[in-house]
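S.K.: Structure of the sequence below:
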Amino acid sequence: MSENSGTGLKRDLKARHLTMISIGGVIGAGYFLGAGAAIKTAGPAVIFSYLIGGIVTILVMTLLSEMAVASPVAGSFQVYATKAIHPWAGFVTGWTYWLAFLIGPASETIAAGTFLHVWFPEIPIWVFCLAVALLMTTVNLIGVLVFGEVEFWLSLIKVVALLTFIIWGCIELGFHMNPDITVSNMTASGGFAPAGIGGVFGAMIMVIFSYGGTEAIGTAAEESAHPERDIPKALTGTVFRIIVLYIISITVLVLVLPWQQAGVSSSPYVDAFTLLGGPVAGNVMNFVVLTAALSCIDTGVYATSRMLFSLSREGYFPKVFAKISNKHKTPVNAIFASCMVLFVGALLYLAFPDFAYVWLASISGFGFLFAWLMIALSQPKMRKIVEAEDPSRLKWKAPGAKVIQVIVVILMIGIFTAQLFVPGGKVILLAGMIWLAIASVYYFTIGKKMREKTLNN
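M.R.: This is a model prediction of the structure:
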């Protein structure tokens, strides 16, 4: 057993746990379902949307990896933004990320309840939603090692399912056993890019929502047994695995399933599996999507509770959220608070079933993109701070960091700007800006004073 860190959090997470935490935060029901909305926007050219999103992810995670190794803290990039930019930037980053990571799992709680309701129609969906939320809360409260083990196996199921789909789809395409599964699906009905380059970038906010969660590895740095070894390994290895799984699986998906049939009323992967193997295969994939939802909720509660714990520890919120369980060494109150917001988000999703998913997912994507932008903006100053305080802590440097940082900032600003030219994009930007304004008002009227009082004490 590893020694406890100075904060009381246990360092029980191993490299394989960190890798699957990162994968689990990304390959959730949001990806299996959200891919349909992205395909609807970009057509088969959605392949390039995921490719661009993957490149951005790699670059951002490379910058985060350097900072997480040098300063492994539970608040991760929220703490880095505080030190490198301004306390306001750190607070807004942490709070926005907390909201973004809760919105996705909130909708996935409903998704999990819906999938279970298909098999047990006599039980109301809300009962399943409550059961799923309570289960994920319990797992996170028991202890970080149990969380890591649960996430490891849930994530493994998702990875195996995607690999199975890729292999099965390629076999069908190669042997032409089903006339509806053909390469012509890539160019039929409007061509490869029916919405042009605008569609490719217009789908990016949903793509970022799919990739969002990779950065959760940074929030686990303080509980990693060997962060200087495990963080870079887990980050870089995970990102490349995800990109391979995403891009190849999306390519096979648009070959197997005509892109016009993709949507958000059901998972396009369930529809594709049904085409490949009939209803039985569809039900198996439905089970996979259920485990994906559970896995993403699991990771969401973990990451957001640690972010709330960090913000409370720094004085922005009442100290009650920084309380750690003596038995399990977990931030119990922060976990409960995160789960309560999870329930609220689920209720909002139930109230607006027709349009809530795409909007909530897009707003979540906005939050992830904002957090990534803060990561990129923090890295140069954080390196200077570490070099001035203790150069020996800089055990891993991001290669070509200066060039990477500029590219990342330009690409992310471009993605934000592109939302002005796609349907619903302006609403998403407006909602994001309103949230940032609310967070800023709280910081300057309440949060800042609370932090100053904490520091003075």
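
S.K.: what's near enough to touch Phe192?
M.R.: Each residue near Phe192 by Cβ atoms under 8 Å, 6 or more residues apart in numbering is listed here: 43-45, 186. The way it works is simple: take the backbone N, C-alpha and C, and place the C-beta from them, glycine included.

S.K.: redo that, cut-off 10 Å
M.R.: 42-45, 47-48, 186, 254, 259 (Cβ atoms under 10 Å, 6 or more residues apart in numbering).

S.K.: Please apply the same query to Phe201.
M.R.: Shown in contact with Phe201 (Cβ under 10 Å, 6+ apart): 41-42, 48-49, 52, 195, 207, 414-415, 417-419, 421-422, 425.

S.K.: ditto for Ala203
M.R.: Neighbours of Ala203 in contact, by Cβ under 10 Å, 6+ apart: 34-35, 37-43, 45-46, 48-50, 52-53, 195, 210, 418, 422.

S.K.: And the pLDDT for it?
M.R.: The model reports Ala203 with a pLDDT of 87.

S.K.: shift numbering so it begins at 58
M.R.: In the new count, where the first residue is 58, that last one comes out as Ala260.

S.K.: With Gln476 as the reference, measure out to it.
M.R.: Ala260 sits 11 Å away from Gln476, going by Cβ to Cβ, to the nearest Å.

S.K.: With Ile104 instead?
M.R.: Ile104 is 20 Å from Gln476, by Cβ to Cβ.

S.K.: what's the answer for Thr331, then?
M.R.: Taking Cβ to Cβ, one finds Thr331 at 33 Å from Gln476.

S.K.: Which one of these two is surrounded by more residues?
M.R.: Gln476 (23 against 18; other Cβ atoms under 10 Å).

S.K.: which ones are touching the closest residue to the more buried one other than its chain neighbours?
M.R.: In space, and not counting its chain neighbours, Gln476 is closest to Gly482: 3.3 Å by Cβ to Cβ, 6 or more residues apart in numbering. Residues counted as contacts of Gly482 (Cβ under 10 Å, 6+ apart) are 258-259, 262, 419, 473-476.

S.K.: what's around the closest residue to Thr171 other than its chain neighbours, how many residues?
M.R.: The shortest distance from Thr171 to any non-neighbouring residue, by Cβ to Cβ, 6+ apart, is to Ile182 (6.0 Å). Counted with other Cβ under 10 Å, the neighbours of Ile182 add up to 17.

S.K.: Ile182 contacts Tyr406, doesn't it?
M.R.: No: using Cβ atoms under 10 Å as the test, Ile182 is too far from Tyr406 to be in contact (11.1 Å).

S.K.: which residues do these two both contact?
M.R.: Ile167.

S.K.: pretty sure Val345 contacts Phe89?
M.R.: Yes: counting by Cβ under 10 Å, Phe89 is a contact partner of Val345 at 7.7 Å.

S.K.: residues shared between the contacts of these two?
M.R.: With Cβ under 10 Å, 6+ apart as the test, Val345 and Phe89 both reach 215, 218-219, 324, 326-327.

S.K.: Return the subset of those lying in helices.
M.R.: If you go by DSSP state H, the shared contacts of Val345 and Phe89 have 215, 218-219, 326-327 in helices.

S.K.: For Ile472, see how far away Pro251 is.
M.R.: 20 Å.

S.K.: More neighbours: those two, which one.
M.R.: More crowded of Pro251 and Ile472, by other Cβ under 10 Å: Ile472, with 23 against 16.

S.K.: sorry, back to before: ok, now which ones touch the residue nearest to Thr171?
M.R.: 167, 169-174, 403, 407.

S.K.: and the contacts of Gly482 as a markdown table, adding secondary structure and distance to Leu159?
M.R.: Listed next are the contacts of Gly482 as a markdown table, based on DSSP: H, G, I helix; E, B strand; the rest coil; distance: Cβ to Cβ, whole Å:
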| residue | secondary structure | distance to Leu159 |
| --- | --- | --- |
| Phe258 | helix | 26 |
| Gly259 | helix | 25 |
| Ile262 | helix | 18 |
| Ser419 | helix | 15 |
| Phe473 | helix | 21 |
| Thr474 | helix | 26 |
| Ala475 | helix | 25 |
| Gln476 | helix | 21 |
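
S.K.: Need the max-distance pair from these.
M.R.: Ser419 and Thr474 (15.1 Å; Cβ to Cβ).

S.K.: More neighbours: which of the two?
M.R.: Higher neighbour count among Ser419 and Thr474: Ser419, with 26 against 12, using other Cβ under 10 Å.

S.K.: which among the contacts of Ile182 gets closest to Arg370?
M.R.: Ala403 (27.8 Å).

S.K.: and that closest one, what does it touch?
M.R.: Ala403 touches 162-170, 182-183, 186-187, 189-190, counting by Cβ under 10 Å, 6+ apart.

S.K.: part of a helix, is it?
M.R.: Yes: applying DSSP: H, G, I helix; E, B strand; the rest coil, one finds Ala403 inside a helix.

S.K.: Tell me where the stretch 108-257 of the chain has helices.
M.R.: With DSSP state H, counting those that start in this stretch, the ranges of helices along the stretch 108-257 of the chain come out as 134-141, 144-176, 182-199, 201-232, 253-259.

S.K.: do the same with the stretch 258-407 of the chain
M.R.: For the stretch 258-407 of the chain, applying DSSP H, counting those that start in this stretch gives helices covering 261-268, 273-276, 284-313, 325-370, 389-408.

S.K.: now the angle between helix 144-176 and the first one, please.
M.R.: Orientation check (axes from the mean of the first three to the mean of the last three Cα atoms, to 10 degrees): helix 261-268 against helix 144-176 gives 80 degrees.

S.K.: Quick one: list the elements packing against helix 261-268.
M.R.: helix 72-83, helix 86-99, helix 103-127, helix 144-176, helix 284-313, helix 413-446, helix 458-475, helix 482-499 (3 or more Cβ pairs under 10 Å, 6 or more residues apart in numbering; DSSP states H and E).

S.K.: what's the closest of the contacts of Ile182 to Ala338?
M.R.: The closest of these, once distances to Ala338 are taken by Cβ to Cβ, is Phe172, at 15.4 Å.

S.K.: Isn't the closest one up against Gly339?
M.R.: No: applying Cβ under 10 Å as the test, Phe172 and Gly339 come out as separate, 11.8 Å apart.
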